[in-house]
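1. for reference, the sequence and a predicted model appear below.
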Amino acid sequence: MFKTFRRRAISITAFVFALAAYYAGNANAQVPTKIITVYNNSKNDTIYPMLDGFTGNVDLWMQAQFKDKVSDVNTQTFCNNSPVLFTDCPPGGGTTGKPPTLFRAYINPNKGIRPGEFVSITVPFYTQLTATTPATLGKSSAQYIDWWNGQRIFFYDGVTAVNGAFNYNVDQNGKIIPPTPVTPIGGAAVPACAPGNMFNCEAPTLVSYISIFTTGSIPFDLAEYTFAAAEGPPPGGLRPPGTALSIDLDKVNFNISAVDGIYLPIAMAAVLDPKDPAYATDSEYLGTVIPVETVRAILSTFSNSGASWPYYYPSYFSKAQPTTAHTTPQDGNSPYPLPKVPSANVVFAESYKVPAPAPPVLSSDTNGTPMLGTSAQEMVTLWTKCTTSNDMSPTCRKIKNVFNFFKLNYSVTCGLGEQPDTPTMLREVYGWAEFPGCSHRLLDTDGYATAIAEFCELQYNYLLKPKDPKDLFNPYARLVHETLKSNAYAFSIDDKAAFKGVPSVPGTSSNGLIITIGGPEGLVNTNQAPLPTVETISKFCH
């Protein structure tokens with residue numbers, strides 16, 4: 001680690017460069033860019049970030065950016081064959097049957113970001129892959145990679161994890177396909193090392209895939225961002241003639257997702273012009289600045305090797321068998337730094353699977369009779385007590401209301417039967433998600449507003465210090481927000497605590513993000529965005 005005074009100088013340098021507006025040449029036009037700077041404040045760990053390109057269906061951001069060049073406003077333009085949906089949306093709709101495409105940019109792919117170092121990357125709005133004309137613009141899949149609309153940044157700790165993620169690629173028939181290098185059109189804007197790097201910044205490696213890699217088996221942490229804000233019909237909606245589309249290139253939205261699990265201490269903040277009247281609050285960070293080593297100790301205690309809470313079971317992959325999970329490191333690689341801890345909804349979604357995956361995803365995967373650990377098992381006991389007895393304590397009253405809402409949704413709105421079994425109910429409740437096989441939204445069921453508010457209040461009931469510790473609705477939410485002091489999403493609707501949107505202010509601009517791992521150094525504003533308190537539960541839940 002280098003001295004504090006040098007770190008301060010680096011922070012100011014990165015800030016000055018991030019405030020500048022950069023534009024990179026493209027075959028058709030100048031492309032707006034923003035800068036993402038990642039600081040590794042850990043003592044011993046090398047971090048490997050990876051940008052995940054846009055993989056939605058219809059890209060409203062690209063439609064809005066090129067609105068004057070889209071000739072047929074009734075066509076679903078700028079479609080990407082989604083690896084989630086396995087569909088394409090050519091003009092007129094329908095499916096092409098082409099394999100899906102997933103684009104990634106690996107940052108500092110060879111040496112990673114070493115302890116005490118940082119890397120700044122210029123991220124263009126889009127990278128053009130194929131030549132277009134006014135007649136063909138946006139009319140076929142994967143003409144562009146959109147790096148701004150609903151993006152994810154994966155953070156891997158160590159070469160073992162990043163190599164496993166990099167090599168995993170298999171088609172729908174199980175055939176192993178090596179990752180395909182991406183060759184943009186000449187002059188296209190690509191993610192690149194930004195000015196101001198004081199360390200060895202490597203050009204990001206761009207590759208494409210046709211499958212989603214096994215995220216549960218390889219530990220990582222996840223941040224998400226959206227640069228700019230497009231306005232128009234929702235993605236996938238047809239645009240009637242004359243419909244106006246607009247895009248504000250200055251806005252920045254971001255969050256840290258612990259909805260699936262938590263692994264690393266991440267903090268994120270927008271890089272803003274100090275002239276912004278709301279600079280003091282808009283530049284506050286989300287996440288946590290606790291050291292990596294402290295977080296690892298906290299997660300180990302919380303899980304207690306699965307005796308208190310399940311943990312993600314590590315799987316390893318070899319170069320020769322990049323899609324076959326092994327229980328031990330391959331190719332002479334080192335074990336992953338562990339543990340990674342799953343969220344409550346993942347615990348209920350994974351633990352009751354029959355047959356259990358082999359190797360398991362969680363330590364609790366035991367063919368339908370899961371070993372949940374004492375803390376997770378107490379959640380099941382609390383749910384059962386509140387939904388089958390006359391207990392009218394504040395916690396049980398809210399649980400009864402949420403239970404009755406989901407039961408009504410299942411039996412009446414969805415018409416799926418009287419009620420689901422307890423594992424299915426817990427999975428959907430803790431994920432605040434629709435039941436499989438139901439074509440209706442939860443919003444379509446009577447009592448939605450009350451149920452979602454009380455569900456949120458239950459998530460924060462650790463703040464109320466229940467008289468009986470076994471009345472804690474979600475120990476994982478307490479772990480994230482109270483123990484780790486993090487603004488990361490602890491559950492799926494944790495938006496007011498975990499999401500930050502920086503508005504566009506006339507005469508100023510938002511030109512990127514600062515992300516830190518394991519400490520505050522690198523952040524321009526070291527004040528954290530507010531976490532929920534006893535006094536503010538209502539504000540966060542209504």
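-> Perfect, thanks for sending it.

2. could I get the full set of helices for the stretch 401-542 of the chain?
-> Ranges of helices within the stretch 401-542 of the chain are 422-431, 448-459, 475-478, 495-498, 537-541, based on DSSP state H, counting those that start in this stretch.

3. counting by contacts, list what the second one packs against.
-> If you count contacts as 3 or more C-beta pairs under 8 Å, 6 or more residues apart in numbering; DSSP states H and E, helix 448-459 packs onto helix 394-408, helix 537-541. Every C-beta, even on glycine, is put in place using the N, C-alpha and C of the backbone.

4. tell me the most buried of the helices of the stretch 401-542 of the chain?
-> Ranked by mean neighbour count, the helices of the stretch 401-542 of the chain are led by helix 475-478 with a mean of 24 (mean count of other C-beta atoms under 10 Å).

5. the helices of the stretch 401-542 of the chain: which one's closest to residue 257?
-> helix 495-498 (7.9 Å; C-beta to C-beta).

6. mean confidence for that closest one?
-> Mean pLDDT, computed over helix 495-498, is 96.

7. pull the distance from that helix to the chain's centre.
-> In terms of C-alpha atoms, centre = their mean, to the nearest Å, the centre of helix 495-498 is set 13 Å apart from its chain centre.

8. go on, stretch 114-129?
-> Taking mean C-alpha positions (C-alpha atoms, centre = their mean), stretch 114-129 and its chain are 18 Å apart.

9. quick one: low-confidence residue ranges for this protein.
-> In the predicted model of the chain, residues 1-29, 54-57, 68-76, 80-100, 211-216, 232-244, 506-507 satisfy pLDDT under 70.

10. grab the CA positions of stretch 47-63 and hand them over as CSV.
-> Extracted C-alpha coordinates of stretch 47-63, given in CSV (Å, rounded to 0.1, in the frame of the first residue of the first chain):
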residue,chain,number,x,y,z
ILE,A,47,-9.6,-7.6,-8.2
TYR,A,48,-10.7,-8.3,-11.7
PRO,A,49,-13.7,-6.2,-12.9
MET,A,50,-15.9,-7.1,-15.9
LEU,A,51,-18.5,-5.0,-17.7
ASP,A,52,-21.5,-6.9,-19.0
GLY,A,53,-22.9,-5.3,-22.2
PHE,A,54,-26.6,-4.7,-22.8
THR,A,55,-28.5,-8.0,-23.1
GLY,A,56,-32.1,-6.9,-23.1
ASN,A,57,-34.5,-7.2,-26.0
VAL,A,58,-35.5,-3.8,-27.4
ASP,A,59,-33.0,-1.1,-26.5
LEU,A,60,-34.9,2.2,-25.8
TRP,A,61,-31.6,4.0,-25.1
MET,A,62,-30.3,3.3,-28.6
GLN,A,63,-33.7,4.1,-30.1
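
11. and residue 35, how close does it get to residue 272?
-> 12 Å (C-beta to C-beta, to the nearest Å).

12. which one of these two has more residues nearby?
-> Legend: neighbour count by other C-beta atoms under 10 Å for residue 35 and residue 272, higher for residue 272 (26 against 22).

13. ok, the residue lying closest to the more buried one once chain neighbours are set aside - contacts?
-> What sits nearest to residue 272 in space, not counting adjacent residues and going by C-beta to C-beta, 6 or more residues apart in numbering, is residue 283, at 5.1 Å. Residue 283 makes contacts with 269-270, 272, 276, 524-525, as judged by C-beta atoms under 8 Å, 6 or more residues apart in numbering.

14. looking at the chain, which residue lies furthest from center?
-> When distances are taken from the C-alpha mean of the chain, residue 390 lies farthest, 39.6 Å away, according to C-alpha atoms, centre = their mean.

15. before we move on, the earlier item: nearest to residue 246, of the helices and strands packed on helix 448-459?
-> Closest among the helices and strands packed on helix 448-459, using C-beta to C-beta: helix 537-541, at 30.9 Å.

16. gap between the residue nearest to residue 272 and residue 277?
-> To residue 277, residue 283 is 12 Å away according to C-beta to C-beta.

17. how about the contacts made by residue 371?
-> Counting by C-beta under 8 Å, 6+ apart, residue 371 has contacts 306, 310, 363-364.

18. helix/strand/coil for it?
-> coil (DSSP: H, G, I helix; E, B strand; the rest coil).

19. helix or strand right after the strand or helix carrying residue 160?
-> Using DSSP states H and E, residue 160 sits in helix 159-167. The C-terminal neighbour of helix 159-167 among helices and strands, as given by DSSP H and E, is strand 180-181.

20. name the strands paired with the helix or strand just after that next one and say parallel or antiparallel.
-> Per DSSP H and E, strand 180-181 leads on to strand 192-193 as the next helix or strand towards the C-terminus. If you go by DSSP bridges, strand 192-193 pairs up with strand 118-124 (antiparallel).

21. give me the contacts around the partner strand.
-> Residues outside strand 118-124 that contact it (C-beta under 8 Å, 6+ apart) are 10, 14, 17-18, 22, 24, 26, 31-40, 49, 51, 107-108, 113, 147-148, 189-199, 201, 204, 227, 512, 522.

22. now these: which count as buried?
-> 10, 14, 17-18, 22, 24, 26, 31-40, 49, 51, 107-108, 113, 147-148, 189-194, 196-197, 201, 204, 227, 512, 522 (16 or more other C-beta atoms under 10 Å).

23. restricted to strands, list these.
-> 24, 31-40, 49, 51, 192-193, 227, 512 (DSSP state E).

24. mind listing what's buried along stretch 413-423?
-> Going by 16+ other C-beta under 10 Å, stretch 413-423 has these buried residues: 413-414, 416, 419-420, 423.

25. ok, back up a step: Serialize the contacts of residue 283 to CSV and add fields for distance to residue 428.
-> Converted to CSV, those look like this (distance: C-beta to C-beta, whole Å):
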residue, distance to residue 428
269, 34
270, 34
272, 39
276, 41
524, 41
525, 39
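
26. just these now: which is nearest residue 470?
-> The shortest gap between residue 470 and any of those belongs to residue 269, at 37.8 Å (C-beta to C-beta).

27. thought residue 285 was touching the closest one, still the case?
-> Yes - between residue 269 and residue 285 there is a contact at 4.0 Å, judged by C-beta atoms under 8 Å.

28. which residues are in contact with each of these two?
-> With C-beta under 8 Å, 6+ apart as the test, residue 269 and residue 285 both reach 514, 523, 525.

29. and the last one, how far from residue 198?
-> With distances taken as C-beta to C-beta, residue 525 is found 21 Å from residue 198.

30. and if you look at the first one?
-> Residue 514 sits at a distance of 15 Å from residue 198 (criterion: C-beta to C-beta).

31. who touches residue 475 in this structure?
-> 302, 309, 344, 375-376, 379, 462.

32. one more time with 6 Å
-> residue 375 (C-beta atoms under 6 Å, 6 or more residues apart in numbering).

33. now residue 483
-> residue 298.

34. same question, the one 5 residues further on
-> Taking C-beta under 6 Å, 6+ apart as the contact definition, residue 488 lies against 256, 258, 480, 498.

35. and the two most separated of these?
-> 256 and 480 (9.6 Å).

36. distance from the chain centre to stretch 433-447, please.
-> 23 Å.

37. burial measure for residue 394, as a count.
-> 13.

38. meant to ask about residue 335, not that
-> 11.

39. is it in a helix, a strand, or coil?
-> From three-state DSSP, the assignment for residue 335 is coil.

40. next, the residue nearest to residue 200 when sequence neighbours are not counted: phi, psi?
-> Using C-beta to C-beta, 6+ apart and skipping residues adjacent in sequence, the residue nearest residue 200 is residue 111, 6.8 Å away. Residue 111 adopts backbone torsions of phi -110, psi -10, taken as degrees, to the nearest 10.

41. ok, how many other residues are close to residue 111?
-> Based on other C-beta under 10 Å, the number of other residues close to residue 111 is 15.

42. got it, and the one 4 residues further on?
-> Other residues within reach of residue 115, judged by other C-beta under 10 Å, total 18.

43. looks like it contacts residue 39 (just checking).
-> No - shown here, residue 115 and residue 39 do not form a contact pair, counting by C-beta atoms under 6 Å, at 10.5 Å.

44. for residue 340, see how far away residue 221 is.
-> Counting by C-beta to C-beta, the gap from residue 221 to residue 340 is 8 Å.
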